[in-house]
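Let's see this in three dimensions:
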Amino acid sequence: MSVIEILSPGALSTVQDWPGRTGHWAVGVPPSGPMDSRSHRIGNSLLGNPPDAAGLEVTLTGPKLRFSAPATVAVTGAPLAVSLDGETVCQWTALQVPAGGVLSLGTIRSVGMRAYVLVRGGLAGEAHMGSRSVFASAALGGRPLRRGDTLELDTARAPAGPRALGDATALAPSFANDVQLRVVLGPHGAPDFLTRDGLDELLAASWSVDPHSNRTGIRLLGPRPQWSRADGGEAGLHPSNILDSAYSVGTVMLAGDMAVVVGPDGPSLGGFAAIAQVIRADMWRMGQLRAGDRVTLAPVSMSQAAQLHASAEAEIAHSPSAGHMRRDTPERPACGLGHAPHAVARTSLGRPLEGTHGIVTYRRAGEGAVLVELGEPVLELRSRVRVHALAAGLREERLPGVLDVTAGVRSLHVQHDPDRLGAGALLDAIAQIEARLAAPEDLVIEGRTVHLPLSWRHSEAMRAISRYQESVRADAPWCPDNIDFIRRINGLPDEMAVRDILTSAAYLVLGLGDVYLGAPVAVPLDPRHRLVSTKYNPARTWTPANAVGIGGAFLCVYGIEGPGGYQLVGRTVPVWRDGEDPPWRLRHFDQLRFELVTEQRLQELRHASKAGVWAPRTEPASFSLREHERFLDANAPQIAAFRARREAAFAAERRAWAAADEARTMEALV
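Numbers count the residues shown, from 1 in each chain. Purely as a prediction, here's the structure:
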């Protein structure tokens, strides 16, 4: 057996394959894979490997590796010192490593962030959910390398016969600290969310890469956005807040007043406006951005983006051993699918249309996605039922080239391969499916009531708030106490009122993966239970796994440890458990109910859950829009009174923020 022994792991080295863990975006599983896929793919091409062969991604400081048997290796990516048995060797070329040979990678200095080590045949190992790629935050596919680990080589996949050494130094890019990311605009922007001058300012700005950037997302520091609206309504107090909608990798979203580019380990669903999408030809550049680099966003047309992608793919296709990189079937023009033209959907992008059962808006979300928004931009469950029906119809259609279908609160995000399925044909198909859907009032959607334990004011949730106040934003109005902030902004008398509402509510699950791995975004069925809050601005850098929080009118259970923006109230049990099939415990249109437990009891249940000897209690439930609307009509006066009180408190809080901002400005002037 041929293995690599890890003598030193480097700062952060993980196994990654391309294109990663695809097809699970709808339940909050990111694709992962190499952040600079261009360098990874060219390295595989040099060695004659299949394109999905797994290799190592190295961050900043490289590993020291001993090979038990002869191997052919390529090191690509950002420039760094590479030595073989103490002798300096070159990147971007195929190297012969003898048995017992030691390959050492130094430190990436000044420019670039990641390098790649590819081995002929690739790295062996069991795929997890279809990929070897490591999503370290959730331990999917493994973990970062440690000293003493061994990696087995996949000699069975190594190309047969003798191998001539290849060289791709001509394909090594010129790395720099000033980077232009070309983008296509949308799905959100001016004038609905930003002023036109405000959008122009963001595109003209030179942004700085924040030190907290990582594979989850690239945080950009720059001008404060000029918003065209005062707030996000039921989505949250900040104007960046929207009813939760899905992103793609490479989406440029505005999380509060900070721009964040979603990375390959990023979240699939969130409540922030998305103003642009990095084009496919430039996605690899995200992987080489380091803290302090300057970034500009340069808009291009869809046709320009397609041409740039074709050129980039041709460059890889003409690298050494390119035959191994090509697909089994030749690429073909965008598929027409045999649908009759439906020009309305294509020519009315971004404009509300009258659909079969209400308003529908079609938006382009980059080269490889379409965002379909149903109904008005307000929280009402009729739109979500329409989304559910449209998603089911699209899955039944089995269109070739559709990659992921992800439901939001009032939207459906459809990712597609534009080389197999053109956007026009996809829009035609979606419009025709929407036209033949049943009336949402006639649908009854089966689900379950799921009873989850809740430790109120759990120490780990409270620690996340304290860390934020100490290291991110001490003057945030939700600090030092998120629960008191929720009380204040909803006009409630005391904390007990907040707790009573939350534990009395039945929360309907509208989305999964809001904060990774089956994490639910849910809303109370009874509008009188809809506590409204805003999201952190800027977001937290750390949140404990399974923390429970409120943002806008929504409740979320965090799937894993990581960043976050919801106002935290406590903690519950895992909503994802490896070993179960499927591992996500919740489904769309489940109803969540919380039962208070002590922190000690929650710890016992968490251990039992992970051991597979305990699971949340469930019972059958269903949702009927017709019955729900009857309930709303019967309780309309009380619902209106609750909303009026909440909106008055909401407005008072916004005035207090404005006064505090003005006071800080005056203090700075003095």
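
So which residues of the stretch 51-200 of the chain form strands?
Counting by DSSP state E, counting those that start in this stretch, the stretch 51-200 of the chain forms strands over residues 55-59, 64-67, 71-77, 82-84, 87-89, 94-97, 102-105, 114-119, 150-152, 178-185, given from the N-terminal end onward.

Make JSON lines out of those strands and add distance to R448 and mean neighbour count.
Yep, even glycine has a C-beta here, placed from its N, CA and C like the rest. Formatted as JSON lines, the entries for these read as follows, by distance: least, C-beta to C-beta, whole Å; neighbours: other C-beta atoms under 10 Å:
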{"stretch": "strand 55-59", "distance to R448": "39", "mean neighbour count": "26"}
{"stretch": "strand 64-67", "distance to R448": "49", "mean neighbour count": "20"}
{"stretch": "strand 71-77", "distance to R448": "47", "mean neighbour count": "26"}
{"stretch": "strand 82-84", "distance to R448": "55", "mean neighbour count": "18"}
{"stretch": "strand 87-89", "distance to R448": "58", "mean neighbour count": "11"}
{"stretch": "strand 94-97", "distance to R448": "55", "mean neighbour count": "19"}
{"stretch": "strand 102-105", "distance to R448": "50", "mean neighbour count": "21"}
{"stretch": "strand 114-119", "distance to R448": "43", "mean neighbour count": "28"}
{"stretch": "strand 150-152", "distance to R448": "42", "mean neighbour count": "15"}
{"stretch": "strand 178-185", "distance to R448": "40", "mean neighbour count": "18"}
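
Looking at those, which is nearest to P637?
Each of the strands of the stretch 51-200 of the chain was scored for nearness to P637 using C-beta to C-beta, and the closest is strand 178-185 (44.2 Å).

tell me the SS of I550?
Going by DSSP: H, G, I helix; E, B strand; the rest coil, the secondary structure assigned to I550 is strand.

Break this protein down into its domains, please.
With domains defined by automatic domain parsing, the chain comprises 3-161, 178-311, 343-438, 445-637.

Dead centre of this structure: give me the residue that sits there.
Centre of the chain computed as the mean C-alpha position; nearest residue by C-alpha atoms, centre = their mean is P267, 2.1 Å away.

Provide a list of residues in contact with that residue.
If you count contacts by C-beta atoms under 8 Å, 6 or more residues apart in numbering, P267 has them with 28, 30, 216, 247, 513-516.

ok, longest strand in this structure?
Secondary structure of the chain read by DSSP state E shows that its longest strand is strand 444-456.

For the domains of the chain, please prepare CSV with the additional fields mean pLDDT.
Putting the domains of the chain into CSV (pLDDT from 0 to 100) gives the following:
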stretch, mean pLDDT
domain 3-161, 95
domain 178-311, 95
domain 343-438, 92
domain 445-637, 95
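
ok so, going back, now the strands of the stretch 51-200 of the chain as JSON lines including distance to H24?
As requested, those are arranged in JSON lines below (distance: least, C-beta to C-beta, whole Å):
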{"stretch": "strand 55-59", "distance to H24": "20"}
{"stretch": "strand 64-67", "distance to H24": "31"}
{"stretch": "strand 71-77", "distance to H24": "27"}
{"stretch": "strand 82-84", "distance to H24": "35"}
{"stretch": "strand 87-89", "distance to H24": "38"}
{"stretch": "strand 94-97", "distance to H24": "34"}
{"stretch": "strand 102-105", "distance to H24": "31"}
{"stretch": "strand 114-119", "distance to H24": "24"}
{"stretch": "strand 150-152", "distance to H24": "25"}
{"stretch": "strand 178-185", "distance to H24": "25"}
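
among these, which is nearest S303?
strand 178-185 (10.2 Å).

Return that closest one as CSV; C-alpha atoms alone will do.
Listed next in CSV are the C-alpha coordinates belonging to strand 178-185 (Å, rounded to 0.1, in the frame of the first residue of the first chain):
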residue,chain,number,x,y,z
ASP,A,178,-5.0,44.1,-6.1
VAL,A,179,-7.6,41.8,-7.6
GLN,A,180,-10.6,42.4,-9.9
LEU,A,181,-13.5,40.1,-9.4
ARG,A,182,-15.8,40.3,-12.4
VAL,A,183,-19.5,39.9,-11.5
VAL,A,184,-22.9,39.8,-13.0
LEU,A,185,-25.4,42.0,-11.1
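
Settle this for me: G20 is touching M35, isn't it.
No: G20 lies out of contact with M35 (C-beta atoms under 8 Å); the separation is 10.1 Å.

picking up where we left off before, which one, of the strands of the stretch 51-200 of the chain, ends up nearest to A461?
Relative to A461, the nearest member of these by C-beta to C-beta is strand 55-59, separated by 29.6 Å.

Quick check: neighbours of that closest one in the sheet, parallel or antiparallel?
Looking at strand 55-59 with DSSP bridges, its partner strands are strand 12-16 (antiparallel), strand 114-119 (antiparallel).

So what angle separates the directions of that strand and strand 71-77?
Direction vectors for strand 55-59 and strand 71-77, defined by axes from the mean of the first three to the mean of the last three C-alpha atoms, to 10 degrees, enclose an angle of 40 degrees.

chain center to strand 55-59: distance?
Centre-to-centre, strand 55-59 and its host chain are 21 Å apart (C-alpha atoms, centre = their mean, to the nearest Å).

What lies in contact with it?
With contacts defined as C-beta under 8 Å, 6+ apart, strand 55-59 is touched by 10-17, 34-35, 40, 43-44, 63, 77, 105, 113-119, 122-123, 145, 151.

cool, and stretch 84-91?
With C-beta under 8 Å, 6+ apart as the test, stretch 84-91 has contacts from 75-77, 79-83, 95, 97-98, 101-104, 115, 169, 172.

try stretch 214-221
By C-beta under 8 Å, 6+ apart, the list of residues contacting stretch 214-221 reads 32, 35, 136-137, 207-210, 212-213, 258-267, 286, 289, 295, 562-563.

rewinding a little: of all the domains of the chain, which lies closest to A658?
Nearest to A658 among these is domain 178-311; the distance by C-beta to C-beta comes to 10.3 Å.

Between the two ends of the closest one, how far is it?
Using C-alpha to C-alpha, to the nearest Å, the end-to-end distance of domain 178-311 comes to 22 Å.

May I see the buried residues of stretch 422-430?
Neighbour counts using 16 or more other C-beta atoms under 10 Å place 422-430 of stretch 422-430 among the buried residues.

So which residues of the stretch 201-350 of the chain form helices?
Assignment of helices within the stretch 201-350 of the chain using DSSP state H, counting those that start in this stretch yields the ranges 302-317, 343-347.

S45: how many residues sit nearby?
In terms of burial, S45 registers 26 neighbours under the definition other C-beta atoms under 10 Å.

Wait, it touches A168, no?
Yes: S45 lies in contact with A168 (C-beta under 8 Å); the separation is 7.3 Å.

Regarding S39, what is its secondary structure?
What three-state DSSP gives for S39 is helix.

contacting residues for it?
The neighbourhood of S39, defined by C-beta under 8 Å, 6+ apart, consists of 76-77, 114-116, 284, 287.

One more pass at 10 Å, please.
Applying C-beta atoms under 10 Å, 6 or more residues apart in numbering to S39 gives the contacts 55, 57, 74-78, 91-92, 112, 114-116, 118, 168, 171-173, 284, 287-288.

Now restrict the contacts of P267 to buried residues only.
Neighbour counting by 16+ other C-beta under 10 Å classes 28, 30, 216, 247, 513-516 among the contacts of P267 as buried.

Distance to R606 and secondary structure for these - can I get that in a markdown table?
Written out in a markdown table, the entries for the buried ones among the contacts of P267 read as follows (distance: C-beta to C-beta, whole Å; DSSP: H, G, I helix; E, B strand; the rest coil):
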| residue | distance to R606 | secondary structure |
| --- | --- | --- |
| G28 | 20 | coil |
| P30 | 24 | coil |
| T216 | 24 | coil |
| Y247 | 30 | coil |
| G513 | 21 | coil |
| D514 | 20 | coil |
| V515 | 17 | coil |
| Y516 | 17 | coil |
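
quick one: A246 and A407 touch, right?
Yes: counting by C-beta atoms under 10 Å, A407 is a contact partner of A246 at 7.7 Å.

hey, what's in contact with both of the two?
Residues within reach of A246 and of A407 at once, by C-beta under 10 Å, 6+ apart, are 26, 269, 413, 511, 513.
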